[in-house]
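Asks: I need the structure of the sequence given here:
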Amino acid sequence: MKYLGTVLFLAACISAGQSPQATQPPAAAPAPAASTPAANTIDLTQLAALVKQQFGATFTIPAKFPTPMIIADFDGDGVPDIAIVADSKEPMPDSFAFKYEVSDPYHAYFGFGNPQVMSTFSANPDRAHDVLVIFGTEKEGWRAATPKAKFVIMNLPFDSITVGRILVSKKKPPVFAIKAIEAQIMDSAVFWEPKKKRWRWEPGDAY
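Replies: I've put the predicted structure just below:
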């Protein structure tokens, strides 16, 4: 009986020493935080508003285009950038007011790279779309009210675009590129050259 009393006494002490919370189920995990403004999602209405804000009302998003935009770090600074497919009959006039640079890397590859001259030629129906690129800032990415830089790439032959990578130098890792897919002819790539501060077009498939 003395042994039984000792066991009961120890059990009572252990029970009294436990916290009431120990027998309760663990609290539910907190809900995930809402998406930040720099999240890489945007619908067509927001995309059209972004284009109008950054490039002016002369640019419009083409209807039912398979890839209206792509996101990647095109200038290699660690901040996401955005490339947008848009239409404009006159990309040059608003370049001063909206502070974007017009580039024609496709014709520059063949030695005719002056966009002011090339924009005066009749529009090629196979190259009717421009690619608008916004280099993002560190805090807000490509959604920043004042981006790091803005470009209009004209005369680029493509049916759709996607993110690709291309090996520019054997001593450096591949860089992100705009992979221009032309279903009936060939694929090509447009990538940013930081040292020369220009876009470069190369025929052939990026990976």
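Asks: can you show me the strands along the protein?
Replies: Ranges of strands in the chain, per DSSP state E, are 69-72, 81-86, 101-103, 130-135, 149-153, 160-166, 175-181, 187-193, 198-203.
Asks: and these: which comes nearest residue 63?
Replies: Ranking the strands of the chain by proximity to residue 63 (Cβ to Cβ) places strand 81-86 first, at 11.2 Å. C-beta: built from backbone N, CA, C; applies to glycine.
Asks: identify all contacting residues around that closest one.
Replies: Here strand 81-86 makes contact (Cβ atoms under 8 Å, 6 or more residues apart in numbering) with 47, 50-51, 55, 59-62, 65, 67-75, 129-136, 141-142, 161, 178.
Asks: drop anything exposed from those residues.
Replies: In the contacts of strand 81-86, burial by neighbour count holds for 47, 50-51, 55, 59, 61, 65, 67-75, 129-136, 141-142, 161, 178, counting by 16 or more other Cβ atoms under 10 Å.
Asks: residue 149: neighbouring residues, count only.
Replies: Other residues within reach of residue 149, judged by other Cβ atoms under 10 Å, total 16.
Asks: from residue 131, how far off is it?
Replies: According to Cβ to Cβ, to the nearest Å, residue 149 and residue 131 sit 14 Å apart.
Asks: next one: residue 89
Replies: According to Cβ to Cβ, residue 89 and residue 131 sit 16 Å apart.
Asks: hey, what's the residue nearest the centre of the chain bridged with?
Replies: In the chain, the residue lying closest to the centroid (Cα atoms, centre = their mean) is residue 71, at 1.7 Å. Residue 71 has these beta-bridge partners by DSSP bridges: residue 82.
Asks: need the contact list for it.
Replies: So residue 71 contacts 40, 80-83, 142, 163 (Cβ under 8 Å, 6+ apart).
Asks: now swap in residue 178 and tell me
Replies: So residue 178 contacts 70, 74, 83, 131, 133, 153, 161, 163-164, 189-191 (Cβ under 8 Å, 6+ apart).
Asks: how about stretch 183-202: buried residues?
Replies: Across stretch 183-202, burial judged by 16+ other Cβ under 10 Å covers 187-192, 199-201.
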